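Peer 1: Provide a 3D model corresponding to the input given below.
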Amino acid sequence: MHFTLGHFHLDVVSDGTFWIDGGTVFGVVPRVIWEKLSPPDERNRIPLALKSLLIRTPEALVLVETGIGTKLSARDQKHHNFGRGTLVAELAEIGVRPEDIDFVIDTHLHFDHCGGNTVLEGGTPRPTFPRAKYVIQKREWEDATHADGLTQAGYDPADFAVLAETGQLRLIDGDVEIVPGVTCRLTGGHTRGHQMVLVHSHGLTACYPGDVMLSTMHIKPNYITAYDLSQERTYAVKVKLIEEACEGRWVIVWGHDPKEWLSRLEKRDDKVVAVPVRTTG
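Peer 2: From the prediction side, this is the model:
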């Protein structure tokens, strides 16, 4: 799906869909409520999309997120009803090769957001995007490379460890503009080093919120996943994000929404709703 934002050209591309336990996706929200939004299968799983954002600016080609990728074991493929990632193929369809990417931004290093960072070559992980600098928050890198019993299940070193060896790792600390018009904003909440991405061009803004607000089903501030390390922090970030998005008429790019790609948030009476953005693609 292609859209323009000021002088920038953006594409939302997909790595496919995976299935995950619905209860963990909605946290404290009772099943009797969330199953109306996303009916689960017989294993209590619901589908989530794996969408990445490609940003073309005059200075660089920036890719936000890389999906699950192609390294999952047969057991994990079955568990998540996922085959092999389609991101590289979808990029090829719009004329983009892996070597064309200048920057990859990972909102965080959970397997479903950065698995496509690397591919296996002779059984050894190598960067999928050979020229790119991979932009990761310093505290996210520290937590992922020193995971404990609470966090280690979400991280796979095969997705990111090699980046330090190849010199492609760029660690940032806090809010940083990566190229003119593309900014990483540290949010915390979901993980300690989670970041979202803001794109600004000629007075217009697009936002890739990552897992602090992963779908249109999670607009309510208290709809927070069970995976979030600090639900209090996620709640505060969402309240601020929703307010900014409504006031600025931001375009929200949904990373995990299985139905919607782009929306604007609007206040209607006593609630906030997601209004689909129609595009050229």
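
Peer 1: and the next element down the chain from the top strand by length along the chain?
Peer 2: Taking DSSP state E as the criterion, the chain has its longest strand at strand 8-21. Once the chain leaves strand 8-21, the next helix or strand it forms, by DSSP states H and E, is helix 22-26.

Peer 1: Which strands or helices does that next one pack on?
Peer 2: helix 31-37, strand 45-56 (3 or more CB pairs under 8 Å, 6 or more residues apart in numbering; DSSP states H and E). In short, each C-beta sits where N, CA and C put it, glycine included.

Peer 1: deepest of these, which one?
Peer 2: With neighbours defined as mean count of other CB atoms under 10 Å, the helices and strands packed on helix 22-26 peak in mean count at strand 45-56, which reaches a mean of 22.

Peer 1: What strands line up against it, and which way round?
Peer 2: strand 8-21 (antiparallel), strand 61-64 (antiparallel) (DSSP bridges).

Peer 1: could those strands be laid out in a markdown table, adding mean neighbour count and distance to E243?
Peer 2: Below are the strands paired with strand 45-56 laid out as a markdown table (neighbours: other CB atoms under 10 Å; distance: least, CB to CB, whole Å):
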| stretch | mean neighbour count | distance to E243 |
| --- | --- | --- |
| strand 8-21 | 20 | 23 |
| strand 61-64 | 25 | 22 |
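
Peer 1: Any idea which of these gets closest to K71?
Peer 2: Nearest to K71 among the strands paired with strand 45-56 is strand 8-21 (12.2 Å), distances taken as CB to CB.

Peer 1: what stretches of the chain score poorly on pLDDT?
Peer 2: By pLDDT under 70, the weakly predicted segments of the chain are 280-281.

Peer 1: how far away is the residue nearest to the spatial centre of it from D106?
Peer 2: The C-alpha lying nearest the average C-alpha coordinate of the chain belongs to G210 (CA atoms, centre = their mean; 4.0 Å). Between G210 and D106 the distance is 9 Å, computed by CB to CB, to the nearest Å.

Peer 1: overlap in contacts of the two?
Peer 2: The overlap between the contact sets of G210 and D106 (CB atoms under 8 Å, 6 or more residues apart in numbering) consists of 65, 113.

Peer 1: could the strands paired with strand 45-56 be laid out in JSON lines, adding distance to D269?
Peer 2: Shown next, in JSON lines, are the strands paired with strand 45-56 (distance: least, CB to CB, whole Å):
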{"stretch": "strand 8-21", "distance to D269": "30"}
{"stretch": "strand 61-64", "distance to D269": "33"}
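
Peer 1: Quick check: which of these is nearest to D41?
Peer 2: Of those, nearest to D41 by CB to CB is strand 8-21, at 7.0 Å.

Peer 1: Just the CA coordinates for that closest one, please, in PDB.
Peer 2: Extracted C-alpha coordinates of strand 8-21, given in PDB (Å, rounded to 0.1, in the frame of the first residue of the first chain):
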ATOM      1  CA  PHE A   8       7.900  11.700   1.200                       C
ATOM      2  CA  HIS A   9       6.800   8.500  -0.400                       C
ATOM      3  CA  LEU A  10       5.800   5.700   2.000                       C
ATOM      4  CA  ASP A  11       4.800   2.000   1.400                       C
ATOM      5  CA  VAL A  12       3.300  -0.400   3.900                       C
ATOM      6  CA  VAL A  13       4.600  -3.900   3.100                       C
ATOM      7  CA  SER A  14       3.800  -7.200   4.800                       C
ATOM      8  CA  ASP A  15       5.800 -10.100   6.100                       C
ATOM      9  CA  GLY A  16       2.600 -12.200   6.400                       C
ATOM     10  CA  THR A  17       0.300 -13.100   9.300                       C
ATOM     11  CA  PHE A  18       0.900 -15.100  12.500                       C
ATOM     12  CA  TRP A  19      -1.400 -16.400  15.200                       C
ATOM     13  CA  ILE A  20      -0.900 -15.900  18.900                       C
ATOM     14  CA  ASP A  21      -2.800 -16.400  22.100                       C
END
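
Peer 1: Can you get me the start-to-end distance on stretch 124-134?
Peer 2: Using CA to CA, to the nearest Å, the end-to-end distance of stretch 124-134 comes to 19 Å.

Peer 1: swap in stretch 206-217?
Peer 2: Using CA to CA, one end of stretch 206-217 lies 19 Å from the other.

Peer 1: so how far is that stretch from its chain's centroid?
Peer 2: 8 Å (CA atoms, centre = their mean, to the nearest Å).
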